[in-house]
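# Any chance you could fold what I've pasted below:
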Amino acid sequence: MSDPDDFQLRIRLGEMMLGPGKADLLDGIRQTGSISAAGRRMSMSYRRAWQLVEQLNLYFGAPVVATLTGGRGGGGAELTALGEDILSTYRRIQQHSAATIADDLAHLRDLRK
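Predicted coordinates for the structure are as follows:
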């Protein structure tokens, strides 16, 4: 679990929010090859993980995750090129933002009593 004082970037894109939860879910899907495993890592139900993926699909108008049908070898999931692009762009914005406001964030933390 992250430190509650860590900077967290949330971007409103129309009616959809893109923030650390969706980014971490996409990253988990990339790492595990599974929507359910990525959700479990975040203490999130499979249904909720799918809802977040669907929100992204609807907003961007194309799949962000490609799923593989189950069977003897099991199913799976992987990020599409769009999903990879969304994740890398969000992480880049997150890094730039954190670096830009680091001094001001430190100042706000210092003001805490």
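# List the buried residues in the helix or strand of the chain with the lowest mean pLDDT.
Using mean pLDDT, DSSP states H and E, strand 65-68 stands out as the lowest-scoring helix or strand of the chain, at a mean of 92. Residues Val65 are the ones in strand 65-68 that count as buried (16 or more other C-beta atoms under 10 Å). Where C-beta positions appear, they are placed from N, C-alpha and C, glycine not excepted.
# partners of the next helix or strand after it, with directions?
Next along the chain after strand 65-68, taking DSSP states H and E as the criterion, comes strand 76-79. Applying DSSP bridges, strand 76-79 is found paired with strand 65-68 (antiparallel).
# Who are the packing partners of the helix or strand encompassing Leu87?
Assessed by DSSP H and E, Leu87 sits inside helix 81-110. Using 3 or more C-beta pairs under 8 Å, 6 or more residues apart in numbering; DSSP states H and E, the elements in contact with helix 81-110 are helix 20-32, helix 46-60.
# List the buried residues in that helix.
Leu82, Gly83, Ile86, Leu87, Tyr90, Gln94.
# Enumerate every residue touching the first one.
The reference is to Leu82. Phe60, Ala62, Pro63, Val64 (C-beta atoms under 8 Å, 6 or more residues apart in numbering).
# Report the two members of those residues separated by the largest distance.
Spanning the widest gap among the contacts of Leu82 are Phe60 and Pro63, at 8.7 Å by C-beta to C-beta.
# Quickly list what Leu68 is bridged to.
With DSSP bridges as the rule, Leu68 is bridged to Gly76.
# can you tell me how far it sits from Gln55?
21 Å (C-beta to C-beta, to the nearest Å).
# do Ser88 as well
19 Å.
# Now the residue nearest the centre of the chain: closest residue in space, sequence neighbours ignored.
For the chain, the residue nearest the mean C-alpha position is Ala23 (1.3 Å; C-alpha atoms, centre = their mean). Excluding the flanking residues, the one nearest Ala23 by C-beta to C-beta, 6 or more residues apart in numbering is Tyr90, at 4.9 Å.
# If anything else comes up later, I'll come back, but that's it for now.
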